[in-house]
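Trainee: Coordinates for the following, if possible.
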Amino acid sequence: MYTLLKKEKTNNTMRLLLIICILLGVCVLILQVNADQWKTLKKDEQPSLDVTTSQSNENDSSNLLLNEIRRIIFNYKSSAPKMLGPDLAWTLIDADLPRTVNWTKRGAVSIVKSQGKCDSSYAFAAAGALEGLYFKYNNYTLLPLSVQNLVDCSIDFHNHGCNGGTIEKALEYAAANHGIDPESEYSYDGSSNTCRMKRSALVLVNMGYTSLMNGDESALKRVVATQPVAARIRVCFYDFMFYEDGIYSDSCPDEKRITVSVLITGYGRCKKQNYWLIKNSWGTEWGIKGYMKLARDRGNQCGIASAAFYPTLLLTKNAYNKLPALT
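Mentor: This next block holds a predicted model:
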């Protein structure tokens, strides 16, 4: 009897030791899997991003370790749809990025237009970013979207029609409205009018947006590599107005600056200088047929990375996996 009890005690001890070894092994595996991931998160300071979407995102940095633990120990699979959007660009590292990007040449950007006397650059920039998103998720087809829809209808979101507004409020309107109309349904006339949006014509009905406001040009580059980005910049009035060519930079005092909303359509390098390629809404007579090369990696020139915004499409994992590869 004593021998049987002693054997049973020995077996229980061995089981306990085996369980402890398994748990220690799992902990080591978790640390190895997440070491590089946590270093990347620390480096990029992701919490500084202001993510404005109406739905939670399971890829949020605060949930990464928890999800990894669930996956390894329990083979965990969430029953909730996996939302893909704001943090897709953060899966890229600088070494993976192309040396130059030009979304205009790739066909994701509509033609340059003139806003006229209407202070609507915010609406042009927001519409351009939305066009880029549509292009990305609709077989790389360009669909010009309605700037006038944003001018007339985002007033309820504290924009002011032809008296000015902000990109983020225009995108907030588009998200809350479940999209905007195409240009063909709601053309631009350069004035403030009563909202006449056609709900039956809406596109991008399931979207949100993300803002990048920490001045990090490397972070902005990662996003621009995946889609056009709208940005609000502060420029020297006369230098910007009479810009014709070359890589622009300025250093005037703040009281001589104006705020302009533009669309960042790419980046590149010329004569050993890095630049952002931006699209304005002052017509083709301004700048390089409506575009400007703005100095990049020069101390966040004109605040280019301090108020940047890009729309995101909220997709389930199944819908995302069906998308064609971006080449």
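Trainee: close enough to count as contact, Glu217 and Asn300?
Mentor: Yes: taking contacts as C-beta atoms under 8 Å, Glu217 lies within contact range of Asn300: 6.1 Å. The way it works is simple: take the backbone N, C-alpha and C, and place the C-beta from them, glycine included.
Trainee: pLDDT weak spots in the protein?
Mentor: Residue ranges of the chain with pLDDT under 70: 1-95, 315-327.
Trainee: Using the record, which stretches count as separate domains in it?
Mentor: For the chain, automatic domain parsing gives the domain ranges 2-81, 90-321.
Trainee: Between the two ends of stretch 174-181, how far is it?
Mentor: 10 Å (C-alpha to C-alpha, to the nearest Å).
Trainee: Neighbour count: Glu217 and Asn300, which is higher?
Mentor: Glu217 (22 against 16; other C-beta atoms under 10 Å).
Trainee: next one: phi and psi at the more buried one?
Mentor: The phi and psi torsions at Glu217 (degrees, to the nearest 10) take the values phi -70, psi -30.
Trainee: Can you name the residues that contact the closest residue to it other than its chain neighbours?
Mentor: In this structure, Glu217 finds its nearest non-sequential neighbour in Ala305, 4.8 Å apart by C-beta to C-beta, 6 or more residues apart in numbering. Counting by C-beta atoms under 8 Å, 6 or more residues apart in numbering, Ala305 makes contact with 212, 214-217, 219-220, 231.
Trainee: ok, then the element right after the lengthiest strand in the chain?
Mentor: In the chain, with assignment by DSSP state E, the single longest strand is strand 257-270. Next helix or strand after strand 257-270 toward the C-terminus (DSSP states H and E): strand 273-279.
Trainee: What helices and strands are in contact with that next one?
Mentor: In terms of contacts (3 or more C-beta pairs under 8 Å, 6 or more residues apart in numbering; DSSP states H and E), strand 273-279 is packed against strand 257-270, strand 291-295.
Trainee: Now that we have these, can you turn them into JSON lines and tack on mean neighbour count?
Mentor: Below are the helices and strands packed on strand 273-279 laid out as JSON lines (neighbours: other C-beta atoms under 10 Å):
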{"stretch": "strand 257-270", "mean neighbour count": "21"}
{"stretch": "strand 291-295", "mean neighbour count": "22"}
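Trainee: and those as CSV, adding distance to Ser251?
Mentor: Shown next, in CSV, are these (distance: least, C-beta to C-beta, whole Å):
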stretch, distance to Ser251
strand 257-270, 11
strand 291-295, 11
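Trainee: looking at the ones you listed, which is closest to Glu183?
Mentor: strand 257-270 (15.0 Å; C-beta to C-beta).
Trainee: Just the CA trace of that closest one, in PDB.
Mentor: Extracted in PDB, the C-alpha atoms of strand 257-270 (Å, rounded to 0.1, in the frame of the first residue of the first chain):
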ATOM      1  CA  ARG A 257       2.000  81.800 -43.800                       C
ATOM      2  CA  ILE A 258      -1.400  80.500 -45.200                       C
ATOM      3  CA  THR A 259      -3.000  77.200 -44.700                       C
ATOM      4  CA  VAL A 260      -3.600  75.000 -47.800                       C
ATOM      5  CA  SER A 261      -5.000  71.500 -48.100                       C
ATOM      6  CA  VAL A 262      -3.300  69.300 -50.700                       C
ATOM      7  CA  LEU A 263      -3.200  65.700 -51.900                       C
ATOM      8  CA  ILE A 264       0.100  63.800 -51.400                       C
ATOM      9  CA  THR A 265       0.300  61.700 -54.500                       C
ATOM     10  CA  GLY A 266       3.800  60.200 -54.100                       C
ATOM     11  CA  TYR A 267       7.400  60.800 -53.300                       C
ATOM     12  CA  GLY A 268      10.800  60.600 -55.000                       C
ATOM     13  CA  ARG A 269      14.300  61.900 -55.200                       C
ATOM     14  CA  CYS A 270      15.900  64.500 -57.600                       C
END
